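Chemist: Starting from these lines, generate the structure:
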Amino acid sequence: MQIDGRCLCGLITYEATIDPDRVAICHCTDCQVHSGSAFRWVAQISKEDFRLLSGHLKTYVKTAQSGSKRAQLFCPECGTSLYGTDAADPQTFSLRLGTARQARELTPGLQIWRRSALGWASGIETKMQFDEQPPLRQITGKQ
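Modeler: Numbers count the residues shown, from 1 in each chain. Next up, the predicted model:
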């Protein structure tokens with residue numbers, strides 16, 4: 001599915017190709033803090049499926065409790081978060097779907113880090129749910 005989106009101030013615009021079956025919610029505490037909300041709503045896409053049309057993104061690198069480093073990319077003007085990726089090997093992006101013009105069409109089918117979910121957010125129904133971060137093969141069926 002082709003989507004397009006922008007940051008709050010409009011400095012950053014993009015196009016992306018996503019698989020609507022890979023739309024997910026992450027309830028981890030890092031996503032709660034970084035989004036300023038109860039969870040983050042994303043689509044996993046390959047680097048090749050994202051096209052920055054305007055602006056330049058700023059990067060913040062967060063070291064997770066596991067020690068892995070995640071780059072968070074956002075608009076330097078308004079602070080809108082656009083995607084996260086592996087800081088050392090940015091081949092896959094977690095595109096923030098609140099920035100997509102087609103957001104109403106993107107229903108999550110997966111939830112991860114349910115053990116960190118806020119109680120009032122527990123009524124969201126999805127096909128798959130995991131208490132922590134599942135292995136990629138468990139989500140995609142690929143090795």
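
Chemist: need the helices for the protein, in chain order.
Modeler: Listed in chain order, the helices of the chain (DSSP state H) span 29-35, 136-140.

Chemist: among those helices, which gets the worst mean confidence?
Modeler: By mean pLDDT, the lowest-scoring of the helices of the chain turns out to be helix 136-140, with a mean of 53.

Chemist: Do a quick rundown of the strands in the protein.
Modeler: Taking DSSP state E to define them, one finds strands in the chain at 2-6, 13-17, 23-26, 40-46, 50-54, 58-63, 69-74, 81-86, 92-96, 110-112, 128-129.

Chemist: Just to check, residue 17 is in contact with residue 2?
Modeler: Yes - under the criterion of CB atoms under 8 Å, residue 17 makes contact with residue 2 at 5.9 Å. C-beta coordinates here come from the backbone N, C-alpha and C atoms, glycine included.

Chemist: So which of those two has more stuff around it?
Modeler: Neighbour totals were compared for residue 17 and residue 2, and residue 17 leads with 14 against 9 (other CB atoms under 10 Å).

Chemist: Confidence-wise, which helix or strand of this protein is lowest on average?
Modeler: For the chain, counting by mean pLDDT, DSSP states H and E, helix 136-140 ranks last in confidence among helices and strands (a mean of 53).

Chemist: okay, the strands of the chain in JSON lines with mean pLDDT and distance to residue 34 next?
Modeler: Converted to JSON lines, the strands of the chain look like this (pLDDT from 0 to 100; distance: least, CB to CB, whole Å):
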{"stretch": "strand 2-6", "mean pLDDT": "98", "distance to residue 34": "18"}
{"stretch": "strand 13-17", "mean pLDDT": "98", "distance to residue 34": "19"}
{"stretch": "strand 23-26", "mean pLDDT": "86", "distance to residue 34": "10"}
{"stretch": "strand 40-46", "mean pLDDT": "90", "distance to residue 34": "7"}
{"stretch": "strand 50-54", "mean pLDDT": "98", "distance to residue 34": "19"}
{"stretch": "strand 58-63", "mean pLDDT": "95", "distance to residue 34": "8"}
{"stretch": "strand 69-74", "mean pLDDT": "95", "distance to residue 34": "6"}
{"stretch": "strand 81-86", "mean pLDDT": "95", "distance to residue 34": "7"}
{"stretch": "strand 92-96", "mean pLDDT": "94", "distance to residue 34": "10"}
{"stretch": "strand 110-112", "mean pLDDT": "79", "distance to residue 34": "15"}
{"stretch": "strand 128-129", "mean pLDDT": "66", "distance to residue 34": "21"}
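
Chemist: Thanks a lot, see you next time.
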